[in-house]
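*Asks:* I need the structure of the sequence given here:
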Amino acid sequence: MQRSVAPAVQPREDPWEAALRQFNRAADHLPLKRGIREFLAYPHRELTVNFPIHMDDGSVRIFTGYRVHHSTVLGPTKGGIRYSLRVNLNEVRALAMLMSWKCALMHLPYGGAKGGVACDPSQLSRGELERLTRRYATEISVIIAPDSDIPAPDVGTNEQIMAWIMDTYSMHRGHSVPAVVTGKPISIGGSAGRREATGRGVMIVAREAARTRGMPFAGSRVVVQGFGNVGSVTAYLMHDQGCRIVAVSDVYGGIHNSAGLDPRAALRHMQQTGRVAGLPGTETVSNDALLELPCDFLVPAAIEGQITQANAPRIHAKIVVEGANGPTTPEADEILADRGIHVVPDIMANAGGVTVSYFEWVQDLQALFWSEDEINQRLERIMVQAFNGVVRLAREREVELRTAALIYAVKRVADALLTRGIYP
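*Replies:* Residues are numbered from 1 along each chain as shown. Below you'll find the predicted structure:
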């Protein structure tokens, strides 16, 4: 029996330590009692599971998975499931905390959760991936439900994996329970507009950031790190708005054309070849060098810990819009702020995904579905309202956008906690 062990490919900084520092920076602006502050900082519930999977070659391998509930104060917990060799408990804790603040900021009736399995999905066959997913879903089924914890896709997972989780959970219940996950195929209760929702939200806040800074949006130069669902959708939606996409990258590296490239052509090329490199009319560039290209908008949409104390002095963007969760470390935040580079934080910039996941959950519960136009209009309104509220608070408090967003979100959760009271 083999154990699946992740190699040493951890982020440059521990994501849990970074999340705690960001929380503490915001909490310093609020009159929180010590006990309340500690309660808000630490996860409410953590589940670690080790489970066996039959591999195609007849062997059995042991995989490790996690599900963390950070806060249940505002409602059921909500958060994605990722399959990646980087997955560990501290990463999942950090992402669950970010989901609590993201949901509070967007006025969604959720607390934050996150889950994951330490694995490389690209090295698993479809059958192995299905068996792993169904076993993991069974292991965490003790803490997920439509009224308690609702998973969704994240890095390394997709709507098919959500379909397997929904089906597994439903088989154990003896009837279909579509609302147990979001990000599902439309054929089994998914929502129109969900696949593009995170990237659409990134585009909306980038446009609003340009407006507040008096920058023209059309014609602005955009660099996107990460060309998965979030990065690719962001790129082609910003391109549709007249922006010039000058560079994009995937895990293997990037491509650059200072005159601009067609992100839909890059997406087709990646689907055909497995990577963006080699798109005609572009030059290759490393992921590290791509972050330092001159541009108006830099969209880190890959993984956490990409803009650090080491490379922040060489970032040449006017605005950073965080498509990924936690791509900028606290030290880098300070350097970028000192240099006059505005950062639109992850809990606001990429909140389009969880917002439309909320729409999907509501539609499943009432068995009444909305059109894609209705979805996009509702998303636009919520994203713009949240952005304007954070900008207003940042000006009042004289802080950067991340701290303002966290102040707003933490205060909402703290107020709800104090209203509910401490049990018993």
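
*Asks:* Give me the spatial nearest neighbour of Ile335, chain neighbours excluded.
*Replies:* Computed as CB to CB, 6 or more residues apart in numbering, the closest residue to Ile335 that is not its neighbour in sequence is Ala312, at 3.9 Å. Every C-beta, even on glycine, is put in place using the N, C-alpha and C of the backbone.

*Asks:* From Thr138, how far off is the one you found?
*Replies:* Noted for Ala312: a distance of 43 Å to Thr138, by CB to CB, to the nearest Å.

*Asks:* Check Pro146 too.
*Replies:* Distance from Pro146 to Thr138, by CB to CB: 17 Å.

*Asks:* next one: Asp167
*Replies:* Distance, Asp167 to Thr138, by CB to CB: 11 Å.

*Asks:* Looking at those two now, which is surrounded by more residues?
*Replies:* Counted by other CB atoms under 10 Å, Asp167 and Thr138 do not tie: Asp167 has more neighbours, with 20 against 16.

*Asks:* hang on, the more buried one in a helix?
*Replies:* Yes: under DSSP: H, G, I helix; E, B strand; the rest coil, Asp167 sits within a helix.

*Asks:* Quick check: pLDDT value at it.
*Replies:* For Asp167, the pLDDT comes out at 98.

*Asks:* How about Gly305?
*Replies:* Listed pLDDT for Gly305 reads 89.

*Asks:* Tell me if I'm right that it and Glu17 touch.
*Replies:* No: applying CB atoms under 8 Å, one finds Gly305 not in contact with Glu17, separated by 10.8 Å.

*Asks:* between the two, which one's more packed in?
*Replies:* Taking neighbours as other CB under 10 Å, Gly305 and Glu17 compare with Gly305 leading, 22 against 13.

*Asks:* quick one: secondary structure of the more buried one?
*Replies:* Per three-state DSSP, Gly305 ends up coil.

*Asks:* quick one: it and Glu331, what's the gap?
*Replies:* Gly305 is 11 Å from Glu331, by CB to CB.

*Asks:* just Leu98 next, same as before
*Replies:* In this view, Leu98 and Glu331 are 18 Å apart by CB to CB.

*Asks:* Please apply the same query to Pro263.
*Replies:* Distance from Pro263 to Glu331, by CB to CB: 31 Å.

*Asks:* swap in Trp164?
*Replies:* Distance of Trp164 to Glu331, given as CB to CB: 40 Å.

*Asks:* How about Ala18?
*Replies:* Computed as CB to CB, the Ala18 to Glu331 distance reads 9 Å.

*Asks:* Between those two, tell me which one has more neighbours.
*Replies:* Set side by side, Ala18 and Glu331 show more neighbours around Ala18, with 23 against 16, by other CB under 10 Å.

*Asks:* The more buried one is in contact with Pro327, isn't it?
*Replies:* No: using CB under 8 Å, Ala18 is not in contact with Pro327; the gap is 10.4 Å.

*Asks:* Now list whatever residues contact both of these two.
*Replies:* Shared contacts of Ala18 and Pro327, defined by CB atoms under 8 Å, 6 or more residues apart in numbering, are found at 304-305.

*Asks:* tell me the contacts of Gly194?
*Replies:* Quick fix: residue 194 reads Arg, not Gly. The contact partners of Arg194, taken as CB under 8 Å, 6+ apart, are 182-183, 353, 356-357, 360, 375.

*Asks:* which one of those sits closest to Gly189?
*Replies:* Glu360 (7.5 Å; CB to CB).

*Asks:* Run a quick check on the closest one versus Lys184, I expect a contact.
*Replies:* Yes: in this structure, Glu360 is within contact of Lys184 by CB under 8 Å, at 7.4 Å.

*Asks:* which one of the two has more residues nearby?
*Replies:* With neighbours defined as other CB under 10 Å, Glu360 and Lys184 compare such that Glu360 has more, 29 against 26.

*Asks:* Distance of Met99 relative to Thr328?
*Replies:* For Met99, the distance to Thr328 equals 17 Å [CB to CB].

*Asks:* next one: Asp262
*Replies:* Counting by CB to CB, the gap from Asp262 to Thr328 is 28 Å.

*Asks:* before we move on, what about Tyr42?
*Replies:* Using CB to CB, Tyr42 is found at 23 Å from Thr328.

*Asks:* Who has more neighbours out of these two?
*Replies:* Thr328 (26 against 12).

*Asks:* what residues are up against that one?
*Replies:* Contacts for Thr328 were tallied using CB under 8 Å, 6+ apart; they are 300, 306-307, 312, 320, 322, 336, 343.

*Asks:* could I get those residues as a markdown table with secondary structure and neighbour count?
*Replies:* Shown next, in a markdown table, are these (DSSP: H, G, I helix; E, B strand; the rest coil; neighbours: other CB atoms under 10 Å):
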| residue | secondary structure | neighbour count |
| --- | --- | --- |
| Pro300 | strand | 29 |
| Gln306 | coil | 24 |
| Ile307 | strand | 29 |
| Ala312 | helix | 23 |
| Val320 | strand | 28 |
| Glu322 | coil | 26 |
| Leu336 | helix | 21 |
| Val343 | strand | 25 |
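
*Asks:* Mind telling me the two of those residues farthest from one another?
*Replies:* Going by CB to CB, the pair spanning the contacts of Thr328 furthest: Ala312 and Glu322, at 13.6 Å.

*Asks:* number of nearby residues for Ala266?
*Replies:* The number of residues packed near Ala266 is 24, by other CB under 10 Å.

*Asks:* let me fix that: Arg264
*Replies:* Neighbours of Arg264 under the rule other CB under 10 Å: 13.

*Asks:* Please apply the same query to Val60.
*Replies:* Val60 has 11 nearby residues by other CB under 10 Å.

*Asks:* from memory it sits against Ile53, does it?
*Replies:* Yes: using CB under 8 Å, Val60 is in contact with Ile53, at 6.9 Å.

*Asks:* which strands and helices sit next to the helix or strand containing Tyr358?
*Replies:* If you go by DSSP states H and E, Tyr358 is part of helix 352-366. For helix 352-366, the contact count by 3 or more CB pairs under 8 Å, 6 or more residues apart in numbering; DSSP states H and E identifies strand 77-84, helix 89-105, strand 149-153, helix 194-213, helix 372-397 as packing neighbours.

*Asks:* What is the second one packed up against?
*Replies:* With contacts defined as 3+ CB pairs under 8 Å, 6+ apart, the secondary structure elements packing on helix 89-105 are helix 15-27, strand 45-54, strand 60-69, strand 77-84, strand 111-118, helix 346-349, helix 352-366, helix 401-420.

*Asks:* Cool, thanks, signing off.
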